[in-house]
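A.B. asks: Sequence first, then the predicted structure, then my questions.
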Amino acid sequence: MSHDMLLRNKAWRIVVNASKRSPTFFFAFTATCTAGCYYLATAVQGGTNPSDKKALFIAEEKLNRDAGLHAQVLAKANKERLG
């Protein structure tokens with residue numbers, strides 16, 4: 001079904017025909033799509049993960065404070081085992 005939908009799209013048919021005729025266009029289109037995905041992923045990662053390391057530690061301390069007794073005991077056991 002998705003294949004039929006792509007074939008009905010005029011822009012996609014133009015890209016496919018240009019790619020068949022020109023390997024240069026094919027590689028340029030591939031590079032553009034790859035770079036676009038990379039920059040989109042980088043932007044999403046930068047927006048969702050704090051770049052400041054102190055913010056990570058503050059968030060971890062807050063989680064430890066708000067954790068229940070069971071989670072605190074497990075965290076302490078893990079620290080003793082690993083440390």
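C.D. replies: Here it is on my side, so go on. If you're wondering where the values come from, they're calculated on a predicted model, not measured in any experiment. Residues are numbered from 1 along each chain as shown.

A.B. asks: Report the contact partners of residue 26.
C.D. replies: Shown in contact with residue 26 (C-beta atoms under 8 Å, 6 or more residues apart in numbering): residue 19. C-betas here are computed from N, CA, C, even on glycine.

A.B. asks: Which of the helices or strands spans it?
C.D. replies: Of the helices and strands defined by DSSP states H and E, residue 26 is found in helix 23-48.

A.B. asks: by contact count, what packs against the next helix or strand after that helix?
C.D. replies: Sequence-wise, the next helix or strand beyond helix 23-48 is helix 53-66, with elements assigned using DSSP H and E. Other helices and strands packing on helix 53-66, by 3 or more C-beta pairs under 8 Å, 6 or more residues apart in numbering; DSSP states H and E, are absent; none qualifies.

A.B. asks: From residue 17, how far off is residue 9?
C.D. replies: Between residue 9 and residue 17 the distance, using C-beta to C-beta, to the nearest Å, works out to 12 Å.

A.B. asks: What of residue 77?
C.D. replies: The gap separating residue 77 from residue 17 is 63 Å, by C-beta to C-beta.

A.B. asks: Next: residue 48.
C.D. replies: Distance from residue 48 to residue 17, by C-beta to C-beta: 39 Å.

A.B. asks: Which of the two has more residues huddled nearby?
C.D. replies: Neighbours were counted for residue 48 and for residue 17 using other C-beta atoms under 10 Å; residue 17 has more, 11 against 7.

A.B. asks: who are the neighbours of the host helix or strand of the more buried one, in terms of helices and strands?
C.D. replies: Here residue 17 sits within helix 10-21, counting by DSSP H and E. Helices and strands in packing contact with helix 10-21 are listed as helix 23-48; criterion 3+ C-beta pairs under 8 Å, 6+ apart.

A.B. asks: as a whole number, average confidence for the helix it packs on?
C.D. replies: Per-residue pLDDT values across helix 23-48 average out to 94.

A.B. asks: can you give me how far that helix is from the chain middle?
C.D. replies: A distance of 12 Å separates the C-alpha centroid of helix 23-48 from that of its chain, computed with C-alpha atoms, centre = their mean, to the nearest Å.
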